[in-house]
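J.: Please find the sequence and the predicted model below.
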Amino acid sequence: MNASREDTDPGRDDATPPNFIKELVEQDVAAGVRGGQVVTRFPPEPNGYLHIGHAKSICLNFGTAELGAPGRCNLRFDDTNPSTEDTSYVEAIQRDVRWLGFDWGARALYASDYFEQLYAWAIQLIEAGKAYVDSQSEEEIREGRGNFYKPGVESPHRGRSVEENLDLFARMRAGEFKDGEHVLRAKIDMQSKDVKLRDPLMYRIRHVAHHRTGDAWPIYPMYDWAHGQSDAIEGVTHSLCTLEFQNHRPLYDWFLGALGLDPRPRQIEFARLNLGFMVMSKRKLLQLVQQGHVSGWDDPRMPTLAGMRRRGFTPEAIRSFCERIGVAKRDGVVDISLLEHELREDLNARSPRAMAVLRPLKVVIENYPEDQEDWFDVPVHPEYPERGTRRVPLTRELYVERDDYMEDPPRKWFRLGPGREVRLRGACLITCREAVRRENGELVELRCTWDPASRGGAAPDGRKVKGTLHWVSARHAVDAEVRLYDRLFSVENPLAHDDRPFTDFLNPDSLEVLRGCKLEPGLKDATPGEPQQFERLGYFCADSVDSRADALVFNRTIALRDSWAKLAKKLGVGGAAKSGGKRKG
RNA sequence: UCCCGGAUCGUCUAAUGGUAGGACAGCAGAUUCUGGUUCUGCUUAUCGAGGUUCGAAUCCUUGUCCGGGAACCA
């Protein structure tokens, strides 16, 4: 009856909310434009790892393609600038898109596949008098372009004959010139109010090896020249891109028109995703990696898909997040809590439960025989009994969370304290009799007694025991390192301060490493990357890079919501809720 | 001083001339062997000024504010 709850794939939910692009594409399909076909593309430049912002674009592009009959979304690498690009990025990007759950068909495409065609088209434009070779210096060109208030002035080379242009351009390709000696420019309008239209560059000379074409080309096309034409070659119908390309659309259309390409792809812009307390530019992320502020592109604190995957995010959670934030032209900053909500929702449904004590405090049950051992069957998931149970051992000595004991608890405290009775999850009721301290006051252990009649955890006489604690048998506990993550930056917008580098705003507490954590024995066999809920604490997974059978390492993906932390704050109780306490991020 | 966009609860996003809705966050309560989950209820928004209209978030005029644009980056 509620099987759908588990079967539902949130990312592929049919009830995608309306958005202006979807609406527009649906209209095109209904009107029979392009025979109802929809072709989109996701066009990353292979110069860095994909991040959550790209996920929005990926979901949008692949999702929009599904509106067509037929529909297709290409993965196309925009590899027109060899000096920053690399095959390792090509591979990482494909891995991430695949992990997110999308399929781009037979093979990935590359703008570099079209270099020859682009070159032929450039010649066509030269012959039509719509492009020319300029031989001014970089500075002269920039100067000649003018600015927002001042019109441009024409290059002295603008009037070169077609023959001369053809000759020069051929020699540019032949590698006869050094970097920067010449460029190919489109001949549009130096008086245009749109600076982008003041004879933009089409090709620059770059004697640099390309990760795919090697040394075949000493000239490389610029983005504006390559992108629209690549779209046209691939039969792209709707070319979706972010807002900063709005200024490029007139140029995008100009090239297509000048070449007489038909049918023409249509560029549509949408607002990119911004998240608070994070930076979302490959350049900035690269800097974090290179300067060692994080352990790599896949550091679990990074907003990269690789980092999020390692941290324990699921593709489903990311996809439903992308769906939930919607698509519009208005620029904004999405609240992290929305991502966290989608994450918890997915993780809650799928994660098996286990107990782990992060900051152990020893408990001795005085009336529990030294040699006794009770194994309890505890549900793998309380909402899905069909997922079975796991066995957890109880012995005389065990560990509970240090923060679950307070010497002088405030009102509404349901956990341990002098004389307080609590339930050990799935096992029994214990009462705190004494707190053993060192001379310096440091808490060493708790002496408790248990009620043997409460075996299983139920109060035999129906007495109310509100507090339930997680615990681990000392003798059976498995040791592990646990890494807690917090937001990488301590301010909402690290880029908002012109006078200070964004790295000034890194959160010094974004990583907290806990050693000597005590895990329930079954966790020893956890598969890296597989989500687990450590009850009352959060969702965790064994680290796919560092965890080993003899040295377990777990990442906290995200803490559980912690309403006690809120209450404690309101009550003015300090520190009590620290261990599992929800820290944003 | 120019060009291109944008402006709806705290945040994201609907409403396409006809009851401003949803999600998140927040608050209050219920249930609970996770202070989790689940459930219920509540609070909160059309940038300003004019106009058109029986009726405007939506159309017109105007103003204001915000973002992007002057790379041989994408």
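T.: Here it is on my side, so go on.
J.: Please report how far the closest residue to RNA strand B within the stretch 201-350 of chain A lies from residue A:343.
T.: Nearest residue of the stretch 201-350 of chain A to RNA strand B (C-beta to the nearest atom of the strand) works out as residue A:332 at 2.3 Å. Where C-beta positions appear, they are placed from N, C-alpha and C, glycine not excepted. From residue A:332 across to residue A:343, the span is 20 Å (C-beta to C-beta, to the nearest Å).
J.: same check, this time on residue A:37
T.: For residue A:37 relative to residue A:343 (C-beta to C-beta), the value is 36 Å.
J.: Then residue A:146?
T.: Residue A:146 is 49 Å from residue A:343, by C-beta to C-beta.
J.: Pick out whichever of those two has more residues nearby.
T.: For residue A:146 versus residue A:343, neighbours defined as other C-beta atoms under 10 Å are more numerous around residue A:343 (24 against 16).
J.: Would you map the strands across the stretch 101-250 of chain A?
T.: With DSSP state E, counting those that start in this stretch as the criterion, the stretch 101-250 of chain A has strands at A:109-110, A:131-134, A:183-186, A:201-205, A:219-221, A:238-242.
J.: For the fourth one, which strands pair with it and how are they oriented?
T.: Yep, that's strand A:201-205 we're talking about. In the sheet containing strand A:201-205, its partner strands are strand A:183-186 (antiparallel), strand A:219-221 (antiparallel), by DSSP bridges.
J.: I'd like to check what contacts it. Which residues are they?
T.: A:122, A:125, A:131, A:141, A:169, A:172, A:177-186, A:218-222, A:224-225 (C-beta atoms under 8 Å, 6 or more residues apart in numbering).
J.: The same query, at a cut-off of 10 Å, please.
T.: Contact with strand A:201-205 is made by A:80-81, A:118-119, A:121-122, A:125-126, A:131-134, A:138, A:141, A:169, A:172-173, A:175-186, A:217-226, A:255, as judged by C-beta atoms under 10 Å, 6 or more residues apart in numbering.
J.: Residue in chain A with the shortest distance to RNA strand B?
T.: Residue nearest to RNA strand B within chain A (C-beta to the nearest atom of the strand): residue A:457, separated by 1.8 Å.
J.: Could you tell me which ranges of chain A sit under the pLDDT cut-off?
T.: Within chain A, the segments meeting pLDDT under 70 span A:1-15, A:574-585.
J.: Chain neighbours aside, what residue packs nearest to the residue nearest the centre of it?
T.: Closest to where the C-alpha atoms of chain A average out (C-alpha atoms, centre = their mean) is residue A:52, at 3.3 Å. Of all residues not flanking residue A:52 in the chain, residue A:303 sits nearest, at 4.8 Å (C-beta to C-beta, 6 or more residues apart in numbering).
J.: doesn't residue A:488 make contact with the one you found?
T.: Yes. Under the criterion of C-beta atoms under 10 Å, residue A:303 makes contact with residue A:488 at 8.0 Å.
J.: Give the residues shared as contacts by these two.
T.: With C-beta under 10 Å, 6+ apart, residue A:303 and residue A:488 have common neighbours A:277, A:278, A:279.
J.: Throw the strands of the stretch 101-250 of chain A into CSV and include distance to RNA strand B and mean neighbour count, thanks.
T.: Output for the strands of the stretch 101-250 of chain A, formatted as CSV (distance: least, C-beta to the nearest atom of the strand, whole Å; neighbours: other C-beta atoms under 10 Å):
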stretch, distance to RNA strand B, mean neighbour count
strand A:109-110, 11, 20
strand A:131-134, 8, 25
strand A:183-186, 5, 24
strand A:201-205, 3, 21
strand A:219-221, 6, 24
strand A:238-242, 8, 21
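J.: Grab the nearest non-local neighbour of residue A:86.
T.: Excluding the flanking residues, the one nearest residue A:86 by C-beta to C-beta, 6+ apart is residue A:211, at 5.7 Å.
J.: ok, so what distance separates that neighbour from residue A:204?
T.: Computed as C-beta to C-beta, the residue A:211 to residue A:204 distance reads 18 Å.
J.: quick one on the thing from earlier: can I get the strands paired with strand A:201-205 in a markdown table including distance to residue A:553?
T.: Formatted as a markdown table, those follow (distance: least, C-beta to C-beta, whole Å):
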| stretch | distance to residue A:553 |
| --- | --- |
| strand A:183-186 | 52 |
| strand A:219-221 | 44 |
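J.: just to confirm, which helix or strand has residue A:518 in it?
T.: Residue A:518 belongs to strand A:511-519 when elements are defined using DSSP states H and E.
J.: near RNA strand B at all, the next helix-or-strand element following that strand?
T.: Going down the chain from strand A:511-519, the next helix or strand is strand A:532-534, by DSSP H and E. Yes. Strand A:532-534 reaches RNA strand B (C-beta under 7 Å from any atom of the strand) through residue A:533.
J.: List the strands paired with strand A:532-534, with their directions.
T.: In the sheet, strand A:532-534 lines up against strand A:353-354 (parallel), strand A:538-542 (antiparallel) (DSSP bridges).
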